[in-house]
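Q: model this:
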Amino acid sequence: MSQLHALGIDRTAEAVYRLMLAEPEHGVAELAESLSLSVDEIRAALDQLAELRLLRTSLQADGGLRPVSPTVGIQLLLAVREKELRHAQQEFADAQAAAMALLQQHAEAETGRHDVEVLTGIEEVQARLEQLTHNSTAPLMSFMPGGAQSQAALDASRPLDAALLARGIPVRTLYQASVRNDPATLDYARWLTSQGAQVRTAAVLPVRMVLFTGQAALLPIDPDHTRRGAVQLRGPGVLTALAALFDAVWEQADVFGTAADRELDDNGLTGQERQLLRLLAQGHTDAIVARRLGIGVRTARRMMADIMTRLGARSRFEAGAKAVRRGWLSH
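A: I've put the predicted structure just below:
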């Protein structure tokens, strides 16, 4: 893959652009010979570069083309790509907010009807999960926030996941990035992928959820105390909304087994650190921030202390001000 693929430049076009920068006098024939490509491939690459405004008409050679300096051309492409990413992030945030509002509206309107059922206690929830697993013929999608999962929850999930995967039913699971800090949950995620499931991680997840596509969804009665029970939702409207929410988060998440969620952005921040700054900027307490990130309060405070050190800030207020000035909270 081209190193500039994210900017819309494929491998061939990148090679042509680099050669033109080094040998600006080369014509189509010379470019084709130097790169061992056909004339048609060179012309296609030139069309792509021209569309991206990385080529200009030569002021000396009639009808000739000259490469635009990377200082100008690449910087313009980066600015365009950054704008597109910001727009996509805003669309995702708007879709997530709209989906959650729809879920709340639907739940309020449908309370007491047959498509909303309260399951009291963990035993009743587990029994319903076993029943749904046995009857399911469609994909399973689940949010598993909170980082480390209890050993009891992992032990209860394994036979259910195994049964679905053995029948060839697709399973997609989203964990928080902090799952990497818990060996037991990390091993379970690895086992899932080894059995054919798809697993991704995200710094923050909206709510714990198990969605049997087109059949039913289970959400906790109290997100902070999941052992109290769950609400089972049915009906095409609410299940479609939940599936759309899952897909939106899934597309933004990192594939499990990669280091993407720990890679640093242009500001030297990990995904978790970016979310931590956003949550603190919104005025949340350390306890709420830690719970949203699926980490301990001490870990959240250590992360904040490290960010303050990197910013050269003596207080969180000063760190917030410096983070804003550096553009760390603008993405």
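Q: drop to CA atoms for contacts and neighbour counts, all remaining ones
A: Fine.
Q: ok, L211 touching S142?
A: Yes: between L211 and S142 there is a contact at 5.9 Å, judged by Cα atoms under 8 Å.
Q: who's more crowded, the two?
A: Using other Cα atoms under 10 Å as the criterion, L211 and S142 rank with L211 on top: 24 against 21.
Q: which residues sit in contact with that one?
A: L211 sits next to 140-142, 217-218, 239, 242-243 when contact means Cα atoms under 8 Å, 6 or more residues apart in numbering.
Q: buried ones among these?
A: 140-142, 217-218, 239, 242-243 (16 or more other Cα atoms under 10 Å).
Q: out of these, which are inside strands?
A: 140-142, 217-218 (DSSP state E).
Q: make TSV out of these and add distance to L280 and pLDDT.
A: Listed next are those as TSV, based on distance: Cα to Cα, whole Å; pLDDT from 0 to 100:
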residue	distance to L280	pLDDT
L140	33	93
M141	30	94
S142	27	93
A217	31	94
L218	30	94
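Q: what segments of this structure are helices?
A: Under the criterion DSSP state H, the chain contains helices at 11-22, 28-35, 39-51, 70-110, 121-135, 151-166, 183-194, 236-252, 271-281, 286-293, 297-311, 316-325.
Q: how about the ones you listed in a markdown table, adding mean pLDDT?
A: Shown next, in a markdown table, are these (pLDDT from 0 to 100):
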| stretch | mean pLDDT |
| --- | --- |
| helix 11-22 | 87 |
| helix 28-35 | 89 |
| helix 39-51 | 86 |
| helix 70-110 | 77 |
| helix 121-135 | 91 |
| helix 151-166 | 89 |
| helix 183-194 | 87 |
| helix 236-252 | 89 |
| helix 271-281 | 73 |
| helix 286-293 | 75 |
| helix 297-311 | 80 |
| helix 316-325 | 74 |
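Q: looking at these, which is nearest to D222?
A: Ranking these by proximity to D222 (Cα to Cα) places helix 121-135 first, at 11.1 Å.
Q: L4 touches D10, doesn't it?
A: Yes: between L4 and D10 a contact is recorded at 7.1 Å, counting by Cα under 8 Å.
Q: more neighbours, the two?
A: Using other Cα under 10 Å as the criterion, L4 and D10 rank with D10 on top: 17 against 13.
Q: from V16, how far out is that one?
A: Noted for D10: a distance of 10 Å to V16, by Cα to Cα, to the nearest Å.
Q: what does Q275 give?
A: Noted for Q275: a distance of 40 Å to V16, by Cα to Cα.
Q: swap in G121?
A: 64 Å.
Q: the two: which is more packed in?
A: Higher neighbour count among G121 and V16: V16, with 24 against 14, using other Cα under 10 Å.
Q: can you tell me which residues contact that one?
A: V16 is in contact with 31, 35, 42, 45-46, counting by Cα under 8 Å, 6+ apart.
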